[in-house]
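> below are the sequence and a predicted model for it; my questions follow.
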Amino acid sequence: MPVVKFLEYVEEHQNDFVERLRKAVAIPSVSGDPAHRQDVFRMADFLIDELKALGASVETRDPGQQDFHGQTLPLPPIVLATVGNDPAKKTILVYGHYDVQPALIEDGWATDPFTLVEDDQHRLIGRGSTDDKGPVLGWINVVEAHKKMGLELPVNLKFCLEGMEESGSEGLDPIIYSEADKYFRDVDAVCISDNYWLGTTKPCLTYGLRGVSYFHLTVKGPRADLHSGVFGGTVHEPMTDLFALMSKLVTPDGKILVPGIYDQVRQVTDEEQKTYDHLAFKMEELHDAVGNKINIHESIRDTLQHRWRFPSLSLHGVEGAFYNPGDKTVVPARVVGKFSIRTVPDMEPEKVTELVKKYVTDEFNKLNSKNSMTIECTHGGNHWLSSPQHPNYVAAAKAVEKVFSVKPDLTREGGSIPVTLSFQEALKKNVLLLPMGRGDDGAHSINEKLDRSNYVSGTKLLGTYLYEVSQVQL
């Protein structure tokens, strides 16, 4: 059987696949650092060369330019690649990103972040190993295995690879929508591998993500910063007003204080409750991830529901305030408090913004301050929800069982991957989140890693999924 030959090939050639990942990690494609913008382009060229060498038809789209704090930078290309164009086969679109978060050895890395190192526990350590170069290369490994064995893929495969995901996917959405009836016209379903298992022992399928609405709360007073010894106690201080307002947003146990927020939240059904019964997750995994036992909720069910399907409000920082070591008796003239709300079904970003603005304005008026206050939503990404009963998910579940000999957990996630919603809305097709890495991979953190077993088995899973999805009615 072709799928058996494929699995054998992956097992036998895993060292070659690790070397491919090693070359990719060595390219410091940090999209958020102008000094590395050319490296992001270099990473795109690397992927283009890899795909062309395997016979893929590759084209690119130019997203244009970026205004980066007054500096104009070219945006890296959207790489579109096609393997197969048989009209009798289904066409599956896979998405991934080739840029990474910043990483410096002085941040606390045990090894050079851009040199892939395999430790004695067979963890492949390096920036981008799990987010998202490993999964992207997993798809390329699948194509290589079939080409080298002289086998046709069971589906037509399309790639959409971007280089700005870690910087807000700037320039991607317009291309997705403009290509919906062109390059993406024949797509039957979408698969994204840019997330992680819930824990460390069991694969999962992810069918929901929270959205995020980000706010800037600005308080302005004097023309310039003031000396607290001269003016303290004689003027309304912006920082004092800001702290008073920020303290009214959320309680220490996580309850959002904005009136009306919870009225929009979809109720938990009995059917949904059952999905939490046997999840492979322990509270110790939360403690290990956080580095302390500071959990609000005691049960796994409550913890995961507040991570996945209830909204949360987090305070992120204050711009304009003194933050260097030492003492400085300054009264800031202008401060900006930054916070976000993670949203869930059936919350609407516009309604959330309306409620937040009204509440903060009402609370500011109660202060009787002579300072001025403005609040704006700088980003309003919506939540995303699919159905694990969709044939695309059923096919993925069968693939998990064949590769890992276990039924996958059905999970949602607390973070946001805006491109899932973009593909779903633009293409009107089902989007599947099929993770490769584990919950302890440390994406965005120091010593990011991807276990060799996850990389190898993950490549097997991606290929097996293609065989399973080719047999279902989408």
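Nice, thanks for sending it over.

> how about low-confidence regions in the stretch 201-350 of the chain?
Within the stretch 201-350 of the chain, no range satisfies pLDDT under 70.

> in it, mark out all the helices, start to finish.
228-231, 238-246, 270-274, 283-290, 300-308, 349-366 (DSSP state H, counting those that start in this stretch).

> so which of those is nearest H444?
Closest approach to H444 among these (C-beta to C-beta): helix 283-290, 12.3 Å. Any C-beta I mention is one placed from the backbone N, CA and C, and that applies to glycine too.

> what about E170, how many residues nearby?
Neighbourhood size, E170 [other C-beta atoms under 10 Å]: 20.

> ah, wrong one, I meant E59
The tally of other residues near E59 (other C-beta under 10 Å) stands at 12.

> before we move on, what SS does it have?
Of the three states, E59 takes strand under DSSP: H, G, I helix; E, B strand; the rest coil.

> cool, and K398?
Applying three-state DSSP: K398 is helix.

> circling back to that earlier point, got the helices of the stretch 201-350 of the chain as a markdown table, with mean neighbour count and distance to L93 columns?
Below are the helices of the stretch 201-350 of the chain laid out as a markdown table (neighbours: other C-beta atoms under 10 Å; distance: least, C-beta to C-beta, whole Å):
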| stretch | mean neighbour count | distance to L93 |
| --- | --- | --- |
| helix 228-231 | 11 | 58 |
| helix 238-246 | 20 | 42 |
| helix 270-274 | 10 | 28 |
| helix 283-290 | 14 | 32 |
| helix 300-308 | 17 | 25 |
| helix 349-366 | 16 | 26 |
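
> let's have these in a markdown table, adding distance to T464.
Below are the helices of the stretch 201-350 of the chain laid out as a markdown table (distance: least, C-beta to C-beta, whole Å):
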| stretch | distance to T464 |
| --- | --- |
| helix 228-231 | 65 |
| helix 238-246 | 49 |
| helix 270-274 | 27 |
| helix 283-290 | 27 |
| helix 300-308 | 27 |
| helix 349-366 | 37 |
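
> got the contact list for F184?
Counting by C-beta atoms under 8 Å, 6 or more residues apart in numbering, F184 touches 93, 158, 160, 176, 426-427.

> who wins on neighbours among these?
Of the contacts of F184, with other C-beta under 10 Å as the count, C160 tops at 25 neighbours.

> element containing it?
Following DSSP states H and E, one finds C160 within strand 156-162.

> do E468 as well
Counting by DSSP H and E, E468 is part of helix 452-469.

> and that helix, how far from the chain's centre?
Distance, stretch centre to chain centre, for helix 452-469: 20 Å (C-alpha atoms, centre = their mean, to the nearest Å).

> same question for stretch 433-450.
The answer for stretch 433-450 is 11 Å, by C-alpha atoms, centre = their mean.

> then stretch 182-197?
Distance, centroid of stretch 182-197 to centroid of chain: 15 Å (C-alpha atoms, centre = their mean).

> just the CA coordinates for it, please, in CSV.
Taking C-alpha atoms only, stretch 182-197 is exported to CSV below (Å, rounded to 0.1, in the frame of the first residue of the first chain):
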residue,chain,number,x,y,z
LYS,A,182,-7.9,32.5,-8.6
TYR,A,183,-5.0,30.5,-7.1
PHE,A,184,-7.2,29.1,-4.3
ARG,A,185,-10.2,28.5,-6.5
ASP,A,186,-10.1,24.7,-6.5
VAL,A,187,-9.2,24.3,-2.8
ASP,A,188,-11.5,21.7,-1.1
ALA,A,189,-10.2,22.1,2.5
VAL,A,190,-7.4,23.8,4.4
CYS,A,191,-4.9,22.4,6.9
ILE,A,192,-2.7,24.5,9.2
SER,A,193,0.0,23.1,11.4
ASP,A,194,1.0,26.1,13.5
ASN,A,195,-0.2,25.0,17.0
TYR,A,196,0.6,22.4,19.6
TRP,A,197,-0.7,19.4,21.5
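
> circling back: hmm, who's touching the strand holding C160?
Contacts for strand 156-162 (C-beta under 8 Å, 6+ apart): 44, 47, 51, 56, 76, 78-86, 89-99, 136, 139, 143, 169, 172, 176, 183-184, 186-187, 419, 466.

> ok, stretch 80-91 next?
The contact list for stretch 80-91 (C-beta under 8 Å, 6+ apart) reads 48, 51, 54-61, 143, 152-161, 179, 183, 186-189, 469-470, 474.

> from the contacts of F184, which two are the most distant?
With C-beta to C-beta as the measure, no two of the contacts of F184 lie farther apart than K158 and A426, at 14.0 Å.

> residues in contact with the residue nearest the centre of the chain?
For the chain, I417 is the residue whose C-alpha lies nearest the centre (C-alpha atoms, centre = their mean; 4.5 Å). The contact partners of I417, by C-beta under 8 Å, 6+ apart, come to 192, 194-195, 209, 384, 433.

> list just the nearest of the residues you listed to Q66.
D194 (21.2 Å).

> separation between the closest one and C204?
According to C-beta to C-beta, to the nearest Å, D194 stands 14 Å off from C204.

> what is in contact with the two at once?
Common contacts of D194 and C204 (C-beta under 8 Å, 6+ apart): P435.

> how does this structure divide into domains?
2-209+384-469, 211-266+309-381 (automatic domain parsing).

> just send those domains back as TSV, with distance to E285 too.
Below are those laid out as TSV (distance: least, C-beta to C-beta, whole Å):
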stretch	distance to E285
domain 2-209+384-469	5
domain 211-266+309-381	19
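
> so for H287, which of the ones you listed sits nearest?
domain 2-209+384-469 (11.9 Å).

> show the end-to-end separation of the closest one, please.
Across domain 2-209+384-469, the terminal residues are separated by 15 Å (C-alpha to C-alpha, to the nearest Å).

> same deal with stretch 246-263?
22 Å.

> chain center to that stretch: distance?
For stretch 246-263, the distance to the chain centre is 25 Å (C-alpha atoms, centre = their mean).

> ditto for stretch 377-388
Distance, centroid of stretch 377-388 to centroid of chain: 12 Å (C-alpha atoms, centre = their mean).

> also stretch 143-160?
With C-alpha atoms, centre = their mean, you get 27 Å for stretch 143-160.

> and for the protein, the residue most distant from the center?
The chain, C-alpha atoms, centre = their mean, max distance from centroid: V230 (47.9 Å).
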